[in-house]
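**Student:** Give me a 3D structure for the following:
(chains A and B)
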Number of protein chains: 2
Amino acid sequence: MSNIAPELIASNKCFDGWLKRYKHVSTATGTEMVFAIYLPPQAQVQPVPVVYWLSGLTCTDENFMQKAGAQRIAAELGIAIVAPDTSPRGTDLPGEHDSYDFGSGAGFYINATEAPWADHYRMYDYVTEELPTLIEQHFPVTDKRAISGHSMGGHGALICALKNPGRYASVSAFAPINNPSQCPWGEKAFTGYLGTDPEAWKDWDTCALIAKADSKIPILVDQGGADDFLTEQLRPEALQVACTSAGHPLELRLQPGYDHSYFFIASFIEDHLRYHARVLMED
Amino acid sequence: MSNIAPELIASNKCFDGWLKRYKHVSTATGTEMVFAIYLPPQAQVQPVPVVYWLSGLTCTDENFMQKAGAQRIAAELGIAIVAPDTSPRGTDLPGEHDSYDFGSGAGFYINATEAPWADHYRMYDYVTEELPTLIEQHFPVTDKRAISGHSMGGHGALICALKNPGRYASVSAFAPINNPSQCPWGEKAFTGYLGTDPEAWKDWDTCALIAKADSKIPILVDQGGADDFLTEQLRPEALQVACTSAGHPLELRLQPGYDHSYFFIASFIEDHLRYHARVLMED
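**Tutor:** Okay, the predicted model is just below:
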């Protein structure tokens, strides 16, 4: 499927580069998927590396591109940014649209094994394999990749990097769901998508993956100190413990006063993009 | 009414400053009004000058603060930004919600004289008098003011500055409706709010105001070259002619490839804020 060029649905000039939205039929999800790509001005001259951004609950490909202010920095650094949607759309499975934290807008970047989700909710295959293949076939980018995300998408970024040594040059996250096996959002999603056996959840839990990770890709995390979800859902202390136990390199920055919103992301996205660029631009 | 402190309805830390939304009962409109204010970190130490931002059709106080990326620059420069709503809300006048370009979300920053609008649609009095008075009473700001805006709000910024010599230290606009008396958006709005006599429109038309302006406040305008509304609605050539005829200082920059969206605004807002800061920071 990836040989079929995606179809352009919107285009906006931004910081001398172009923000474009495309749709395509995904093999992984069996649905039409929409993604956004920001191509910096440098991409008109030579291929550029890519930062993949995974958004949080209720988001689409649009939130980050509209609210984070990332294009300015990407245009300076010469990096592309790709933002996929957060779940398959248009399937109308039973209960799919009933809650904000499960089903549509809440794919959790995993491959579901439980019916009826297993046929379509394969966002992990989509973001780690199908989408990069398609991006690298059809756009002026290199195969140097970094990955980042927010909340559910921070969890997604971390598991994608940890499960695929070498595929991503660097990883970071904003307010990630660090230990989904042990928080209400994650327990609900994993039960629905993966079933009730917590053993099956370990393949999709950052803290569990760090305990057994062969490679030690450094992790950068920013976490707002006034985030309403900090204690019950995000649990950065679990990430800290897991990394300390495993000797995994972690820079966990608590940012006092910041909440869970895109105003928090906008305030620190420059740090993250510069962090990724340093690694991506290495020879 | 301005002695009653506005009521805080939301607060987000952003670039080490604070974005806050408030509601208050407006004397000018006779309704509850919502506005947003970004206070940069410097405002915790001493009063800072204010840039007022007027948004375009369909917008509220939120669009600019979410999408323009202005807080980063305001935090660096030490300027506050205030963004009012684009019309009164909650009155449910006949036909008020029937179209995107008249009534709710489309107050055009004028004082209506026609029934039933005249009782509430007094956005000019609101943004030029009531709101600055309230802001200067209740927030750590100086009485140094600049004004800018987009599309309908660009028109608003220009007429507010031109009609009030000395009240604003500087003015700029993104893709303003330059000559509302001579374009479909403006003709519809002015007919509805002001009646059918075009003589009454001249007090609210930038090009007409420039022809008779006593003071010559310099005008900075950015206009996207790929803006869908350029030819029929915005007509920057009319502004150019008016300024040339009157000897009014104008820097009109055509930005090739840019459209009417906030991606255009985000790309050039830094230039505008630095432009305003240079004037605002003068002794």
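**Student:** in what helix or strand does the residue nearest to residue A:15 when sequence neighbours are not counted lie?
**Tutor:** Computed as C-beta to C-beta, 6 or more residues apart in numbering or on different chains, the closest residue to residue A:15 that is not its neighbour in sequence is residue A:75, at 3.9 Å. Quick note: C-beta positions are derived from backbone N, CA and C, even for glycine. For residue A:75, the host element (DSSP states H and E) is helix A:70-77.
**Student:** Beyond that helix, next helix or strand please.
**Tutor:** Next along the chain after helix A:70-77, taking DSSP H and E as the criterion, comes strand A:80-84.
**Student:** what does that following strand contact?
**Tutor:** Under the contact criterion C-beta atoms under 8 Å, 6 or more residues apart in numbering or on different chains, strand A:80-84 has outside partners A:33, A:35-40, A:43, A:48-55, A:61-62, A:64-65, A:70-71, A:74, A:123, A:126-127, A:131, A:135, A:139, A:141.
**Student:** In helices only, show me those.
**Tutor:** Cross-referencing the contacts of strand A:80-84 against helices under DSSP state H gives A:62, A:64-65, A:70-71, A:74, A:123, A:131, A:135.
**Student:** which of those are close to chain B?
**Tutor:** The subset of the ones in helices among the contacts of strand A:80-84 lying close to chain B, counting by C-beta under 8 Å from any C-beta of the partner chain, consists of residue A:71.
**Student:** What's the separation between residue A:222 and residue A:54?
**Tutor:** Residue A:222 sits at a distance of 15 Å from residue A:54 (criterion: C-beta to C-beta, to the nearest Å).
**Student:** quick one, which of these two is more surrounded?
**Tutor:** residue A:54 (31 against 25; other C-beta atoms under 10 Å in any protein chain shown).
**Student:** what sits against that one?
**Tutor:** Applying C-beta under 8 Å, 6+ apart to residue A:54 gives the contacts A:83-84, A:86, A:109, A:127, A:147-150, A:152-154, A:156-157, A:160.
**Student:** Name the member of these with the most neighbours.
**Tutor:** Neighbour counts for the contacts of residue A:54 peak at residue A:156, which has 34 neighbours (criterion: other C-beta under 10 Å).
**Student:** So which elements touch the helix or strand hosting that residue?
**Tutor:** Here residue A:156 sits within helix A:152-163, counting by DSSP H and E. Applying 3 or more C-beta pairs under 8 Å, 6 or more residues apart in numbering or on different chains; DSSP states H and E, we find helix A:152-163 packed against strand A:48-54, helix A:123-125, strand A:141-149, strand A:170-174, helix A:206-212, strand A:219-224.
**Student:** Dump that helix to CSV, keeping only the CA atoms.
**Tutor:** The C-alpha trace of helix A:152-163 is given here as CSV (Å, rounded to 0.1, in the frame of the first residue of the first chain):
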residue,chain,number,x,y,z
MET,A,152,-0.7,9.1,25.7
GLY,A,153,1.6,10.1,22.8
GLY,A,154,4.5,10.4,25.3
HIS,A,155,3.9,6.8,26.3
GLY,A,156,3.7,6.0,22.5
ALA,A,157,7.0,7.7,21.8
LEU,A,158,8.8,5.9,24.6
ILE,A,159,7.5,2.4,23.7
CYS,A,160,8.2,2.9,20.0
ALA,A,161,11.8,3.8,20.8
LEU,A,162,12.4,1.2,23.4
LYS,A,163,10.9,-1.6,21.3
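**Student:** Could you check the angle it makes with strand A:170-174?
**Tutor:** 160 degrees (axes from the mean of the first three to the mean of the last three C-alpha atoms, to 10 degrees).
**Student:** From residue A:28, how far off is the residue nearest the centre of chain A?
**Tutor:** With distances taken as C-alpha atoms, centre = their mean, chain A has residue A:54 as the residue nearest its mean C-alpha position (2.4 Å). Here residue A:54 is placed at a distance of 15 Å from residue A:28 (C-beta to C-beta).
**Student:** how about the residues of the stretch 151-283 of chain A that lie near chain B?
**Tutor:** Within reach of chain B by C-beta under 8 Å from any C-beta, the stretch 151-283 of chain A has these residues: A:224, A:226, A:257-259, A:261-264, A:266-267.
**Student:** Neighbours of residue A:21, how many?
**Tutor:** Other residues lying near residue A:21 total 20 when counted by other C-beta under 10 Å.
**Student:** right, and the secondary structure at the nearest residue to it once chain neighbours are set aside would be what?
**Tutor:** Nearest residue to residue A:21, sequence neighbours excluded (C-beta to C-beta, 6+ apart): residue A:10, at 4.2 Å. The assignment at residue A:10 comes out as strand when based on DSSP: H, G, I helix; E, B strand; the rest coil.
**Student:** count of neighbours near residue A:10?
**Tutor:** 13.
**Student:** and the end-to-end length of stretch A:35-45?
**Tutor:** Criterion C-alpha to C-alpha, to the nearest Å; first-to-last residue distance in stretch A:35-45 is 23 Å.
**Student:** who's the residue nearest to the centre of chain A bridged to?
**Tutor:** In this structure, residue A:54 has beta-bridge partners residue A:149, where bridges are defined by DSSP bridges.
**Student:** measure it to residue A:180 for me?
**Tutor:** Here the distance between residue A:54 and residue A:180 works out to 14 Å (C-beta to C-beta).
**Student:** Kindly report the same for residue A:190.
**Tutor:** When C-beta to C-beta is applied, the distance between residue A:190 and residue A:180 equals 6 Å.
**Student:** Neighbour count: these two, which is higher?
**Tutor:** A direct count of neighbours by other C-beta under 10 Å for residue A:190 and residue A:180 places residue A:180 higher, at 28 against 24.
**Student:** Between helix A:70-77 and the helix or strand hosting residue A:23, find me the angle.
**Tutor:** Residue A:23 belongs to strand A:17-25 when elements are defined using DSSP H and E. Strand A:17-25 and helix A:70-77 are oriented at 110 degrees to each other (the same axes, to 10 degrees).
**Student:** Tell me the strands beside strand A:17-25, with direction?
**Tutor:** Based on DSSP bridges, the strands next to strand A:17-25 in the sheet, each with its direction, are strand A:7-14 (antiparallel), strand A:32-39 (antiparallel).
**Student:** so where's the stretch 1-150 of chain A shaky on pLDDT?
**Tutor:** Scanning the stretch 1-150 of chain A for pLDDT under 70 picks out the ranges A:1-3.
**Student:** Can you pull the residues of it lying near chain B?
**Tutor:** Applying C-beta under 8 Å from any C-beta, one finds that the stretch 1-150 of chain A approaches chain B through A:12-16, A:19, A:66-67, A:69, A:71-72.
**Student:** Taking those, tell me the two that lie furthest apart.
**Tutor:** A:16 and A:67 (20.1 Å; C-beta to C-beta).
**Student:** more neighbours, those two?
**Tutor:** Neighbour comparison, residue A:16 and residue A:67: the larger count goes to residue A:67, with 20 against 16 (by other C-beta under 10 Å).
**Student:** Let me see the contact set for the more buried one.
**Tutor:** Under the criterion of C-beta under 8 Å, 6+ apart, the neighbours of residue A:67 are A:262, A:265-266, B:66-67.
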